[in-house]
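Asker: Generate coordinates for the sequence data below:
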Amino acid sequence: METKKAASAIIRQSGEGAKRWFFGGGVHTWKATADETAGAFLLFEDEMSLNKVTPMHSHPASDETMYILAGEILMNMDGEEHRVAAGGVTIAPRGVPHAFKVLQDGTRVLCLHTPGSSQAFYDGASEPLRTEDEAQAVDFDRIRESGRVNGGIEIVGPPPFA
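Answerer: Residues are numbered from 1 along each chain as shown. From the prediction side, this is the model:
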């Protein structure tokens with residue numbers, strides 16, 4: 001992805017930003033794209049359903065910070081599990097394997113990737129949201145394929161949760 005040379009000024013209110021269905025489950029609301037930040041970062045809100053899980057994965061070229069806005073997740077990082085509730089934060093430096101499971105319905109996280117180099121992965125692993133009420137299927141094959149084609153993520157194993 002080619003980015004602009006200078007960042008844009010951005011003001012987005014609650015609920016504003018392009019909404020995309022992520023094939024791993026959840027609705028992303030783009031708050032600041034890599035193009036808007038001249039590649040410095042990517043910022044999106046992720047609203048997820050109860051029991052959503054991710055495979056064990058890493059981001060080879062970006063650090064991932066997740067601030068829990070509402071609900072609770074179980075984060076597995078470096079082989080240890082940690083419950084993280086609203087107001088908590090997780091930071092997975094580039095290359096560190098991690099996975100999480102959603103423990104409460106309506107869990108929302110603010111996800112920051114620095115730099116914004118993983119934007120192409122998320123674009124390829126999602127599609128514009130058609131309607132807020134429309135249930136869509138989770139498709140880890142499409143996530144794997146986007147990682148293969150666009151980089152940004154390496155799936156290193158299945159979800160580690162019992």
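Asker: switch to C-alpha atoms for all contacts and neighbour counts from now on
Answerer: Fine.
Asker: could you give me the average pLDDT of the helix or strand containing Ile68?
Answerer: Using DSSP states H and E, Ile68 sits within strand 63-70. Strand 63-70 comes out with an average pLDDT of 98.
Asker: If we ignore the residues flanking it in sequence, what's nearest Gly71?
Answerer: Nearest-residue entry for Gly71: Thr107, 4.2 Å, with adjacent residues in sequence omitted and distances by CA to CA, 6 or more residues apart in numbering.
Asker: I'd guessed the one you found sits against Leu74; true?
Answerer: No - judged on CA atoms under 8 Å, Thr107 makes no contact with Leu74 at a distance of 11.4 Å.
Asker: who has more neighbours, these two?
Answerer: Taking other CA atoms under 10 Å, Thr107 and Leu74 do not tie; Thr107 has more neighbours (22 against 19).
Asker: Mind telling me what element the residue sitting nearest the centre point of the chain is part of?
Answerer: The centre of the chain sits closest to Cys111, judged by CA atoms, centre = their mean, with a distance of 5.7 Å. In this assignment (DSSP H and E), Cys111 forms part of strand 107-114.
Asker: Just after the helix ranked longest in the chain, pick out the following helix or strand.
Answerer: Longest helix of the chain, by residue count under DSSP state H: helix 140-150. Next in sequence after helix 140-150, counting helices and strands by DSSP H and E, comes strand 154-157.
Asker: burial count for Asp78?
Answerer: 11.
Asker: I'd assumed Gly95 was in contact with it.
Answerer: No - counting by CA under 8 Å, Asp78 stays clear of Gly95, with 10.8 Å between them.
Asker: Just the helices from this protein, written as ranges.
Answerer: Under DSSP H, the chain gives helices at 119-124, 140-150.
Asker: Just the C-alphas of the shortest one, formatted as PDB.
Answerer: Listed in PDB are the C-alpha atoms of helix 119-124, where the atom choice follows Å, rounded to 0.1, in the frame of the first residue of the first chain:
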ATOM      1  CA  GLN A 119      -3.600  -2.200   6.600                       C
ATOM      2  CA  ALA A 120      -3.400  -4.300   3.400                       C
ATOM      3  CA  PHE A 121      -4.000  -7.500   5.500                       C
ATOM      4  CA  TYR A 122      -7.100  -6.100   7.200                       C
ATOM      5  CA  ASP A 123      -8.400  -4.800   3.900                       C
ATOM      6  CA  GLY A 124      -8.000  -8.200   2.300                       C
END
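Asker: How far away from the center of its chain is that helix?
Answerer: Its chain's C-alpha centre and that of helix 119-124 lie 10 Å apart, by CA atoms, centre = their mean, to the nearest Å.
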